[in-house]
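Novice: no FASTA, just this:
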């Protein structure tokens, strides 16, 4: 398993990162342990979680994912073998049960968030601490255009960086990153860091898949020039790119288990149409739709690590095996042709 230096950090992360948002909702603690053990056996050293997990978010389960990982770390004794990443929930997403709804990225809230994650993870430090989404007004999670009418008070980026810097000095976190950010946001974080001598972000975690290549509209160049590692999440578009929902609209998975309001961008008719096209292409070339979608992400020069999630070891094995697949030039050309016709339906 190839390791990549993440941004300007000293973190050497595997090309595949194990995502864990199913732990505690779709996967039991025993199943979570099995996934973690198998991932390490296959050379994965990078684990990503969040204080908000599992999904879909509920007060009754919040923090359970981190707790499962923490109990596994304690039982296995493998803390030094993994690079552990987690995320602090931001404001205005209807999760009032986290810190009583006080989820802006100010010093007091970030300290509470970090201390809670450390306790659940049963560790003294977090290798990569990420801001789950911006605290300012920004189009994310399916919103495709900026709306200045939605402006609201929020913690200043420089104040957030200063607070994170204090947590680094305290030894609670090693490096910092952002998630669901924009090119402007990345540049502002780096500008404030350099201007004020504050910690520098080393990564950004954004959605990237065959149905949503919006990263290529400027964020790829931004990350390259600012030396920020891109962590691609949702490479299978919430399972749509596996074609399982096309083959069986009632197939077990996130899109049938949870209300459609949870992930409306992945339920669009255009996403289904695009997924069918990519599935047909995959099968015509002797591979599964999931393998095609993952091999695409694994091959992109601008992705440091791709975050995969699974609900079974069989799925996890297929996801990891796709790393060895090299897409022929004619398949890449066909992918780009479909993308030209059906551009970013899941953005």
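Specialist: Received it, and whenever you're ready, just let me know what you need. Just so you know, these numbers come straight off a predicted model, no measurement behind them.
Novice: could you pull out the strands in the stretch 151-300 of the chain for me?
Specialist: For the stretch 151-300 of the chain, applying DSSP state E, counting those that start in this stretch gives strands covering 173-179, 201-207, 229-233.
Novice: closest one to residue 265 among those?
Specialist: Closest approach to residue 265 among the strands of the stretch 151-300 of the chain is made by strand 201-207 (9.1 Å; CB to CB). Quick note: C-beta positions are derived from backbone N, CA and C, even for glycine.
Novice: what angle do the closest one and strand 229-233 make?
Specialist: In terms of direction (axes from the mean of the first three to the mean of the last three CA atoms, to 10 degrees), strand 201-207 departs from strand 229-233 by 20 degrees.
Novice: so which elements touch strand 201-207?
Specialist: Here strand 201-207 is seen to pack against strand 126-131, strand 173-179, helix 183-196, helix 219-226, strand 229-233 when contacts are counted using 3 or more CB pairs under 8 Å, 6 or more residues apart in numbering; DSSP states H and E.
Novice: how about 6 Å then?
Specialist: Applying 3 or more CB pairs under 6 Å, 6 or more residues apart in numbering; DSSP states H and E, we find strand 201-207 packed against strand 173-179, strand 229-233.
Novice: most tightly packed of the strands of the stretch 151-300 of the chain?
Specialist: Each of the strands of the stretch 151-300 of the chain was scored by mean neighbour count; the highest is strand 201-207, a mean of 25, by mean count of other CB atoms under 10 Å.
Novice: what are the pairing partners of that strand, and which direction each?
Specialist: With DSSP bridges as the test, strand 201-207 is paired with strand 173-179 (parallel), strand 229-233 (parallel).
Novice: out of these, flag the one nearest residue 262.
Specialist: Short answer: strand 229-233, nearest of the strands paired with strand 201-207 by CB to CB, at 15.6 Å.
Novice: relative to helix 219-226, how tilted is that closest one?
Specialist: Using the same axes, to 10 degrees: strand 229-233 against helix 219-226 is 150 degrees.
Novice: and strand 229-233, how far out from the chain's middle?
Specialist: 7 Å (CA atoms, centre = their mean, to the nearest Å).
Novice: got the contact list for that strand?
Specialist: Here strand 229-233 makes contact (CB atoms under 6 Å, 6 or more residues apart in numbering) with 6-7, 203-205, 207-208, 223, 297, 302-307.
Novice: got the buried residues for stretch 280-288?
Specialist: By neighbour count on 16 or more other CB atoms under 10 Å, the buried set for stretch 280-288 is 281-282, 287-288.
Novice: what is the burial count for the residue nearest to residue 211 when sequence neighbours are not counted?
Specialist: Nearest residue to residue 211 in three dimensions, chain neighbours excluded: residue 346, at 3.8 Å (CB to CB, 6 or more residues apart in numbering). Neighbour count for residue 346, taken as other CB atoms under 10 Å: 25.
Novice: give the contact list for residue 346.
Specialist: Contact analysis of residue 346 by CB under 6 Å, 6+ apart lists 211-212, 237, 265-266, 271.
Novice: repeat for residue 262
Specialist: residue 56.
Novice: what's the pLDDT at it?
Specialist: Residue 262 is assigned 80 on the pLDDT scale.
Novice: before we move on, what about the one 10 residues further on?
Specialist: Residue-level confidence at residue 272 comes out at 93, pLDDT.
Novice: next, work out how far apart it and residue 261 are.
Specialist: 17 Å (CB to CB, to the nearest Å).
Novice: what of residue 87?
Specialist: For residue 87 relative to residue 261 (CB to CB), the value is 22 Å.
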